[in-house]
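Peer 1: give me a 3D structure for the following:
(chains A and B)
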Amino acid sequence: MEEAKMPKADFVSAIVLILFGSAVVYLSAKMPTFREMGANPYSAPGIVPGFIGATIILMSIIMLVRSIIKRGHRLGITGSSIKEFFKSPSTKRMFITIALSLIYGVGLLGKIPYLLSTFLYVLVFVFVFEYRRGESFFKQYKTPMFAFVQAILTSGVIAAIFRYAFLVNLP
Amino acid sequence: MLEGLRMFGEAIVMFMKPKIIFDVFWATQLGIIVGMLPGLTATMGVALMTTLTFKMASSNAILILICMYIGAIYGGSRSAILLNIPGTPANAATAVDGYPLARQGKAGQAIGIATTGSFLGSIIGMILLAFFTPLIGNFALKFQSYEYFWLAIFGIVISGNLTAPKDPLKGWISGFLGLFVAMIGMEGIHAYIRFSFGSVKMSGGIALIPAMVGAFGFAEIIMVMKYTKLEVIKAKVGRVIPRLSDIKRYWVTIIRSGIIGTFIGAVPGVGEDIAAWVSYDFARNSSKEKEKFGKGSVEGLIAAETGNNACVAGAMIPVLSLAIPGSAPAAVLLAAMFIHGVRPGPLIMMEFPEFVFQVVAMVMLATFAMFVLGLSLVKALVRILLIPRQKLMPVVFVLCVIGSYAIQGRYFDVGVMIFFGILGYLMREMEYPVAPMVLGIILGNILDKNLRRALILSNGSLIPFFTRPISLVIFILTVITICSKMKWFRFLMGKFKQLMAKA
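Peer 2: Residues are numbered from 1 along each chain as shown, chains lettered A, B, ... in the order given. Model prediction:
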């Protein structure tokens, strides 16, 4: 992230952390103390998380004040800045990486056979990032071909090594 | 002392078997490959290897993990020299002088010097590991809950300071977030389930390895895929075998960097990257050839590489003596030791002293393997660096998934890995270091048990936290560490130095 944008990021993250710390303190305060069972009140399970939550709030307040001094509260979010963010190639690459990994790790794994899900993930990942839009498919026929071979090799070799060499139960 | 040497000798004899030597070589070579590939870090390598070795005998498994760790930290120098891209964060300082040397056509010499520096750094670290672990372990027997509480806080504070030098507040916040993560699940005194929101899976807590694989592995994949393409520069490798004159010329730098690296490694949560930078900085400040630094200085390169590899052995000192990790990969190593039934900590010198010297022997074997492998197969391994990231990263993610899943066989852990990956990515974007968070996850349990135990012992009084001698020393160190980053403190220290100079 650019240095100039850091106070804005700090402002937002400080607010999120203050809310988070407050929730932690609130939930910790609601935890039982087990006094009625004769337990020492200082053994209450909420003491340490409460301390952690309060420290997070304190540190986040310092960060919030600092970001406001650096004018981080002037977020300057406009329609065009959001558009620019989403249009940027690096943002697209980041979202594609997260989306594909989520589909594989949360969506496919355990629902279809491991070999197939891994094969599909590697194939799609390599293809999506290597395929050049605007160029004819026939000119770059090697891209899906190599992606296919890599996907077969990756899924097969990893499955075999983990299953037979390291005796790990596959998903 | 003699007892220690005897146990070390026995450990060496125990490991001198063809199968074990073979394991040492393949694990170190794999570590070098993992380290040299940008996007694969030592932490991730050790974490993935933990899953692969958890059905092996404990000494074999830990030996393989140490080989992977030492190999990876060294391996990162290869891409730093040839591509100007540190293979692991530990090799960032290596790139400063290694890459200019490669551009001057001295890539082979740079690789040779980096290998020798890493070797000597590791040897110095190993000697200090053997010497200090028993001493600290025996001293730590005097620690009670009050001291452990301050030790946990000190670990977070110093780790935050050193991993976020621009803004330590972010490092401390990251550490406290890690402490919070450790609070999730069943606590140890009343068996009360905290922050699980009714989820049975969360009631068991967040496992360290999936969280680490996510925070270091998946987050790195997102970063690598997001930013611009890596440009591979073809450098001529040439002669790799180092010249003795280079080593003789910089022996003071080597010893100084080795000692600095080891001590930084021993500081909880502060890893090889900081060790390399501090060693580099010291070398530059005391060099007679300051002007060469950044333009291809052999001294700078040797300082960085000696520092980061010495740190590996240094990071194991608190692992063995206090059960507190000195760096992120050492945190995984600590978790692996627990998985294999070894209980490091102050009692290790009474319960299982042989293990400490076995670890020293493991470091020695891995160091020799690294030296041999580092000077051979150089040209062949350079080809691995040419693998495009879009081909490599899906394979890495598949390994992250299986690595998270394999230990407990739960899909929940894959979800944990993905969650921490996205969180780790967001944290990096906003310049929150991830290492203190991981340290927090480990120290959370120590903090939780010891703070409550101490309050019960003192009947709620905070006075013993500040009046017990060791407790007071750690508290003062914590305060100084926090204040050292504040302007008013630096101003006062400056004035104090001026007064002292006048006096």
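Peer 1: please name the nearest non-neighbouring residue to residue 7.
Peer 2: Just so you know, I chose chain A. A:Gly72 (3.1 Å; Cβ to Cβ, 6 or more residues apart in numbering or on different chains). Just so you know, the C-beta spots here come from the backbone N, C-alpha and C atoms, and that holds for glycine as well.
Peer 1: actually, chain B is the one I wanted.
Peer 2: Nearest residue to B:Met7, sequence neighbours excluded (Cβ to Cβ, 6+ apart): B:Phe357, at 3.9 Å.
Peer 1: tell me the buried residues in the helix or strand containing the one you found?
Peer 2: In the assignment (DSSP states H and E), B:Phe357 maps to helix B:353-374. Neighbour-count burial for helix B:353-374, counted by 16 or more other Cβ atoms under 10 Å in any protein chain shown, picks out B:353, B:355-371, B:373-374.
Peer 1: swap in stretch B:481-495?
Peer 2: Per 16+ other Cβ under 10 Å, stretch B:481-495 contains these buried residues: B:Thr481, B:Ile482, B:Lys485.
Peer 1: spatially nearest residue to B:Gly35 (excluding sequence neighbours)?
Peer 2: Using Cβ to Cβ, 6+ apart, the closest residue to B:Gly35 is B:Gly75 (2.6 Å).
Peer 1: what sits against that neighbour?
Peer 2: By Cβ atoms under 8 Å, 6 or more residues apart in numbering or on different chains, the contact set of B:Gly75 is B:Gly31, B:Ile32, B:Ile33, B:Val34, B:Gly35, B:Met36, B:Gly87, B:Thr88.
Peer 1: mind doing that once more with 6 Å?
Peer 2: Contacts for B:Gly75 (Cβ atoms under 6 Å, 6 or more residues apart in numbering or on different chains) come out as B:Ile32, B:Gly35, B:Met36, B:Gly87.
Peer 1: could you give the number of residues near the last one?
Peer 2: Applying other Cβ atoms under 10 Å in any protein chain shown, we find 32 residues neighbouring B:Gly87.
Peer 1: secondary structure element holding it?
Peer 2: Judged by DSSP H and E, B:Gly87 forms part of no helix or strand.
Peer 1: check contacts around A:Phe129.
Peer 2: So A:Phe129 contacts B:Gln390 (Cβ under 6 Å, 6+ apart).
Peer 1: where does it fall, secondary structure wise?
Peer 2: Going by DSSP H and E, A:Phe129 is part of helix A:114-130.
Peer 1: next SSE after the helix or strand of chain B with the lowest mean pLDDT?
Peer 2: Lowest on mean pLDDT, DSSP states H and E among the helices and strands of chain B sits helix B:378-382, with a mean of 74. Next along the chain after helix B:378-382, taking DSSP H and E as the criterion, comes helix B:389-406.
Peer 1: only C-alpha atoms, please: export that next one in CSV.
Peer 2: Provided in CSV are the C-alpha atoms of helix B:389-406 (Å, rounded to 0.1, in the frame of the first residue of the first chain):
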residue,chain,number,x,y,z
ARG,B,389,4.8,-18.0,-10.5
GLN,B,390,1.4,-18.9,-12.0
LYS,B,391,2.6,-22.4,-12.4
LEU,B,392,4.2,-22.7,-9.0
MET,B,393,1.6,-21.0,-6.7
PRO,B,394,-1.3,-23.4,-7.3
VAL,B,395,1.0,-26.2,-6.3
VAL,B,396,2.0,-24.3,-3.2
PHE,B,397,-1.6,-23.8,-2.3
VAL,B,398,-2.4,-27.5,-2.8
LEU,B,399,0.4,-28.2,-0.3
CYS,B,400,-0.9,-25.6,2.1
VAL,B,401,-4.3,-27.3,2.0
ILE,B,402,-3.0,-30.7,2.6
GLY,B,403,-0.6,-29.5,5.2
SER,B,404,-3.4,-27.9,7.2
TYR,B,405,-5.7,-30.9,6.8
ALA,B,406,-3.3,-33.8,7.4
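Peer 1: report the contact partners of B:Ser77.
Peer 2: Residues near B:Ser77 by Cβ under 6 Å, 6+ apart: B:Asn91, B:Thr94, B:Ala114, B:Glu305.
Peer 1: residue nearest the centroid of chain A?
Peer 2: A:Ile98 (7.4 Å; Cα atoms, centre = their mean).
Peer 1: separation between it and B:Leu426?
Peer 2: Distance of A:Ile98 to B:Leu426, given as Cβ to Cβ, to the nearest Å: 11 Å.
Peer 1: coming back round to it: B:Leu179: which of the contacts of B:Gly75 is nearest?
Peer 2: B:Gly35 (29.7 Å; Cβ to Cβ).
Peer 1: count the neighbours of residue 149 for me.
Peer 2: In the absence of a named chain, this looks at chain A. Neighbour number of A:Val149 under other Cβ under 10 Å is 12.
Peer 1: think we crossed wires, I meant chain B
Peer 2: Neighbours of B:Phe149 using other Cβ under 10 Å come to 26.
Peer 1: my guess is it contacts B:Asn450, does it?
Peer 2: Yes: with contact defined as Cβ atoms under 6 Å, B:Phe149 reaches B:Asn450; the gap is 4.7 Å.
Peer 1: residues of chain A that sit close to chain B?
Peer 2: A:1, A:9, A:13, A:34, A:40, A:42-43, A:45, A:47-49, A:52, A:55-56, A:59, A:63, A:90, A:93-94, A:97, A:101, A:105, A:110, A:118, A:122, A:125-126, A:129-130, A:154, A:158, A:162, A:166-169, A:171 (Cβ under 6 Å from any Cβ of the partner chain).
Peer 1: around chain A, pick out the residues from chain B.
Peer 2: Checking chain B against chain A by Cβ under 6 Å from any Cβ, the hits are B:52, B:55, B:169, B:172-173, B:176, B:179-180, B:183, B:187, B:189-190, B:192, B:194, B:222, B:225-226, B:390-391, B:394-395, B:397-398, B:401-402, B:405-406, B:409, B:411, B:414, B:418, B:429-430, B:448, B:451-452, B:455-456, B:460.
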